[in-house]
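[1] sequence first, then the predicted structure:
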Amino acid sequence: MNRVLKYFIFFLVLVFSGNYSLKADGYEVKICISHIRDTQLMLSHRMGNRFFVDDTIRIKPGECGVFKDINPLPQGMYQIVLPSKKYIEFFMDADQQFSIHTSADHLIDSISFDGSETNTIFQNWQKHLSHKQIDTIFWKETINRLGNGVAGKFVKGLYPVQIPVNLTQNEKYLYYRHHFFDNIDFADQRLLRTPLIRNKLNQYCAKVALPDPDSVINDLKKIIKQSEQNPDVYQYTVQFLFNYYAEPKIMGMDAVYVYLAEHYYLKGKTPWITSENLQTIIQRVNELKPLLIGQPAPELPGLINNRGESVRLDQFKGQLLILYFWEPDCGFCKEATPKLRSYYDELKQDGVEVLAVNTREDTLSWDSFIRDHHLNWINVYSPKKVIPLLENYQAWSTPTIYILNKQQKIIAKNLTVDQIVPFIQHYRKNH
């Protein structure tokens, strides 16, 4: 057997035994930036909208730097960050050996990739998008060229919902909402290392969802069901939605938080939660649930008016009632209380009463404030049960405002004084 044949057989043995690979292991990203000073570059990856550092190198003028390691990086979106906080964004897919060339003066506009077809295609798509020259055909061609790689899944996830033109305005909205997540592959955990899933969830909650807890809850059940295809995506999705509705921007949407807590966290469907955090969630649910919109107003124990007479909440059934928790020495209350008083006569004529609850046991400054500002509504305090009263309504900060309907169910809460009259006008118009 001649030497050439022996070498060829040896080569095949190495290849098929798995001891030799035509591709290098790990990652190696060469970065060349013209017109740059001696500086430190940072390689980081995304997790939603957060960044995490993977490596750092120094780069000198006229030289290239190399980020590398024998172990490959998890696939996703990465950045090379300059000290100025400007950064180059690109994808790491299965092929993690390539070069990036750009200029410090035009970091994004002059970027090019050598050895990474994925990033070249993605960069071309980004340029079209930034100049608003992108169309449906180009977008679909880009998705097809990128295939099932993480970049392809990312671009596909951003593809706009194509709404039929022959629908009414309301039908268009419903179609858009129903198909909003159609292009998101919730089974692909690589998308967590891009801003896609986070941004789509945030956009849904902030701009797409109806301001109605029942509607939102129905939608969230479907979204979470899709995320169950992958445990990491499921965890991220549930956590994001839970945290988003923990501090809702729209009144009444705390019902969504309570639902998510009771149906996922309290039912053992969130194995990542610690027992300590779970107890905190249980406590918050117990505080919020009795105060959800539509719930009967909790008890106001031990009320006495400023003339020493006993007052009960059920005395005010049959009329709209504003519960105004305040204290005379509170800086915010000193502004809000006279303002509410300026609205009171008109509200009273319209069948609305104000039950103003002093959240302190001291009565000297309270009596003085009532006299000085002519507070002729129902002024009460609870000298012996102030703590249970505050707990029942979570009125630890003042002023705290609730509005009850004629059946003494909560119809509004945590309003400002300026929001009271517009809310009542809207409520009466629709009820």
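    Sure, I can see it.
[2] all contacts plus neighbour counts: C-alpha atoms, from now on.
    Will do.
[3] what residues of stretch 382-399 count as buried?
    Using 16 or more other C-alpha atoms under 10 Å as the burial criterion, the residues of stretch 382-399 that qualify are 382-383, 386-387, 389-390, 392-393, 395, 398-399.
[4] low-confidence ranges in this structure?
    Across the chain, the ranges flagged by pLDDT under 70 are 1-24, 132-134.
[5] show me the residue sitting in the middle of it in space.
    Tyr244 (4.1 Å; C-alpha atoms, centre = their mean).
[6] what about that residue, distance to Tyr264?
    Distance, Tyr244 to Tyr264, using C-alpha to C-alpha, to the nearest Å: 15 Å.
[7] same question, Tyr257
    In terms of C-alpha to C-alpha, Tyr257 sits 11 Å off from Tyr264.
[8] what's near enough to touch the residue nearest to the centre of the chain?
    Cys205 (C-alpha atoms under 8 Å, 6 or more residues apart in numbering).
[9] can you give the domain ranges for the protein?
    1-115, 160-291, 304-430 (automatic domain parsing).
[10] can I get those domains in JSON lines including distance to Asn148?
    Shown next, in JSON lines, are the domains of the chain (distance: least, C-alpha to C-alpha, whole Å):
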{"stretch": "domain 1-115", "distance to Asn148": "10"}
{"stretch": "domain 160-291", "distance to Asn148": "10"}
{"stretch": "domain 304-430", "distance to Asn148": "48"}
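[11] for those domains, which one sits closest to Gln123?
    domain 1-115 (8.0 Å; C-alpha to C-alpha).
[12] for the closest residue to Gln96 other than its chain neighbours, phi and psi?
    Nearest-residue entry for Gln96: Tyr27, 4.8 Å, with adjacent residues in sequence omitted and distances by C-alpha to C-alpha, 6 or more residues apart in numbering. Backbone torsions for Tyr27, taken as degrees, to the nearest 10, come to phi -130, psi 150.
[13] start the count at 150 instead of 1 going forward.
    New numbering, starting at 150: the last item is Tyr176.
[14] pretty sure Tyr176 is touching Gln246, no?
    Yes - applying C-alpha atoms under 8 Å as the test, Tyr176 and Gln246 come out as touching, 5.6 Å apart.
[15] helix, strand, or coil at Asp204?
    The local conformation at Asp204, judged by DSSP: H, G, I helix; E, B strand; the rest coil, is strand.
[16] and it, what are its bridge partners?
    Assessed by DSSP bridges, Asp204 has beta-bridge partners Leu192.
[17] repeat that for Ser261.
    Residues in beta-bridge contact with Ser261 (DSSP bridges): His250.
[18] what sits against it?
    Here Ser261 is in contact with 249-251, 269 (C-alpha under 8 Å, 6+ apart).
[19] so which of those is the closest to Leu513?
    Taking the contacts of Ser261 together and measuring to Leu513 by C-alpha to C-alpha, the closest member is Thr251, at 72.6 Å.
[20] for the closest residue to that closest one other than its chain neighbours, phi and psi?
    The shortest distance from Thr251 to any non-neighbouring residue, by C-alpha to C-alpha, 6+ apart, is to Ile260 (4.4 Å). With angles defined as degrees, to the nearest 10, Ile260 sits at phi -70, psi 140.
[21] for Ile260, give me its contacts.
    By C-alpha under 8 Å, 6+ apart, the neighbours of Ile260 are 249-252.
[22] same check, this time on Ile346
    Applying C-alpha under 8 Å, 6+ apart, the residues near Ile346 are 197, 333, 340.
[23] from those residues, which single one is nearest Thr429?
    Gly197 (25.4 Å).
[24] does the closest one really touch Leu350, like I thought?
    No - shown here, Gly197 and Leu350 do not form a contact pair, counting by C-alpha under 8 Å, at 10.5 Å.
[25] could you point out the helix or strand that follows the longest helix belonging to the chain?
    In the chain, assigned by DSSP state H, the helix with the most residues is helix 480-498. Per DSSP states H and E, the first helix or strand lying C-terminal to helix 480-498 is strand 501-507.
[26] list the strands paired with that following strand, with their directions.
    strand 469-475 (parallel), strand 527-530 (parallel).
[27] and the helix or strand containing Arg433, how far out from the chain's middle?
    Assigned by DSSP H and E, Arg433 belongs to helix 424-437. The gap between where helix 424-437 is centred and where its chain is centred comes out at 20 Å by C-alpha atoms, centre = their mean, to the nearest Å.
[28] in the stretch 250-399 of the chain, mark out all the helices, start to finish.
    Assigned by DSSP state H, counting those that start in this stretch, the stretch 250-399 of the chain shows helices spanning 266-279, 285-295, 299-307, 318-327, 345-352, 362-376, 380-393.
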